[in-house]
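**Q** Return atomic coordinates for the entry below.
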Amino acid sequence: MGKNIYLSNREQVIFNMVSSVDIAYTDEIRDLFPDLNPHQINKICHSLSSKGYLHRLKKGVYLIQKKPSDQPVIENPYKIALALFKGYIGFSSALRIYDLLDYEPFTIFVVAKNRSMEKRLGEYTFKSVAMGKRATGITYYKDIYISTVAKTFFDCFYKPQYGGGYSTITEALYDADMDWNEFTGYFELASSSLCQRTGYVLELFGDETDKIPEEVLQYFRKRIKNNTKLLPSGWRTGKYMKPWMLLDNLGKENILSWWHHG
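**A** Model (predicted):
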C-alpha cells in the first residue's frame, strides 16, 4: 500500500484488542473503552479502515485484516455472511460445511426470515434468501449457525436453484447422514406440488442407490394432489409421470448426471 499505514497510539491499542477475532463490532469496542464516546470510536474505526487494518462490512461491523490491505482478505466467508445478514448458513453453503459438496462455492447463502439481499465482497457474493416462517431448523456447528442436515435438504428441495440444482442435491444426499423423520416433518405445511417434486426425485434417486426408506416415499405419495411440473418455470414439454401427477421437464439423466457419468 502506498499510503500511510502507521497507527496512532490509540489506534494501536484498539487494533491490538480486536486483532485476535475475525469481525469487530463498534458496540463491543465501546464496551472495552468506556472512556471513548461513540463519535470517537467511529472516527478511529474509520481511520483504521482507511489504512487497511479494518474493512467495513456494514454500519458498525468491520472485518479484521491481519495485515493492512486495500482489498478484503477473506479467511472465513461463512462468519462474514452471518455478520452481514441475520439468519443461518444454508443451501449449497451448508452442504459444503457438512462436506457434502466437493467444491468451494463463491456464493455464500444465508437463510433469513424477512429480506432477500445480496452483497459482493472480494471474490465472494453473499446472498440472503428470505424464507419467512420456514427459517427454522438451526444448529451450531463448526462455530457457526447453520441449518441441520435434514433442514438443509428441505431448503434445497424447496429452492433447488440455491442448492446447486437437483444433480448437486442428489449427489450430496448420497453421503448424507439423514434424519428422515426430521426431514419429512418440514413438509407438513408444504404444498402438494413441493411434496410431489421431492418425492419424485427421491424415488428416482432411491431406485438407483437403494438409499431412500420406503416409508419416506409413502409419505410423499400420500401428498399427491394436482398436476405439477418438476421445474415450475421450466419447459412445458417433458415426460409426464402419472404416479406422481408430475411433468418431468428436466429428465432423469440431468437429475442423476453424477451417478450416470461419475
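
**Q** Any stretches of the chain with poor pLDDT?
**A** Scanning the chain for pLDDT under 70 picks out the ranges 1-4, 262.

**Q** quick check: longest helix of it.
**A** The helix that spans the most residues within the chain, counting by DSSP state H, is helix 192-209.

**Q** That one: which residues count as buried?
**A** Under the neighbour-count criterion of 16 or more other C-beta atoms under 10 Å, helix 192-209 has 193-206, 208 buried. C-betas here are computed from N, CA, C, even on glycine.

**Q** For burial, what's the neighbour tally of residue 137?
**A** 22 (other C-beta atoms under 10 Å).

**Q** Would you check how far apart it and residue 198 are?
**A** Distance of residue 137 to residue 198, given as C-beta to C-beta, to the nearest Å: 16 Å.

**Q** Point out the other helices and strands that the host helix or strand of residue 172 packs with.
**A** Residue 172 belongs to helix 166-174 when assigned by DSSP states H and E. Helices and strands touching helix 166-174, as assessed by 3 or more C-beta pairs under 8 Å, 6 or more residues apart in numbering; DSSP states H and E, comprise helix 91-97, helix 149-158, helix 192-209, helix 252-255, helix 257-261.

**Q** could you dump it to PDB, C-alpha only?
**A** Taking Å, rounded to 0.1, in the frame of the first residue of the first chain, the C-alpha atoms of helix 166-174 are listed here in PDB:
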ATOM      1  CA  TYR A 166     -31.200 -31.500  -8.400                       C
ATOM      2  CA  SER A 167     -28.000 -33.200  -9.600                       C
ATOM      3  CA  THR A 168     -25.900 -31.500  -6.900                       C
ATOM      4  CA  ILE A 169     -28.600 -32.100  -4.300                       C
ATOM      5  CA  THR A 170     -28.900 -35.800  -5.000                       C
ATOM      6  CA  GLU A 171     -25.200 -36.300  -5.100                       C
ATOM      7  CA  ALA A 172     -24.900 -34.600  -1.700                       C
ATOM      8  CA  LEU A 173     -27.800 -36.800  -0.500                       C
ATOM      9  CA  TYR A 174     -25.800 -40.000  -1.300                       C
END
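
**Q** and the helix or strand following that helix, which residues are buried?
**A** Following helix 166-174 in sequence order, the next helix or strand is helix 180-185 (DSSP H and E). Using 16+ other C-beta under 10 Å as the test for burial, helix 180-185 gives 183-184.

**Q** do stretch 252-262 as well
**A** 252, 255-257, 259.

**Q** contacting residues for residue 162?
**A** Residues in contact with residue 162 (C-beta atoms under 8 Å, 6 or more residues apart in numbering) are 90-92, 109, 127, 129, 155-156.

**Q** follow-up on the earlier one: quick one: which of the buried residues of helix 192-209 is nearest residue 172?
**A** residue 205 (10.9 Å; C-beta to C-beta).

**Q** Hmm, residue 211 and the closest one touching each other?
**A** Yes. Between residue 205 and residue 211 there is a contact under C-beta atoms under 8 Å: 7.0 Å.

**Q** Which neighbours do those two have in common?
**A** The contact lists of residue 205 and residue 211 share 173-174, where a contact means C-beta under 8 Å, 6+ apart.

**Q** Return the backbone torsion pair for residue 48.
**A** Reported as degrees, to the nearest 10, the phi and psi values for residue 48 are phi -60, psi -40.

**Q** Could you give the bridge partners of the nearest residue to it once chain neighbours are set aside?
**A** Using C-beta to C-beta, 6 or more residues apart in numbering and skipping residues adjacent in sequence, the residue nearest residue 48 is residue 54, 4.5 Å away. Beta bridges link residue 54 to residue 64, judged by DSSP bridges.

**Q** can you pull the contacts of residue 54?
**A** Contacts of residue 54 by C-beta under 8 Å, 6+ apart are 15, 24, 45, 48, 62-65.

**Q** ok, of these, which one's closest to residue 173?
**A** residue 63 (34.0 Å).

**Q** what about that closest one, how many residues close to it?
**A** Other residues close to residue 63 by other C-beta under 10 Å number 22.

**Q** And residue 56, by the same measure?
**A** If you count neighbours by other C-beta under 10 Å, residue 56 ends up with 15.
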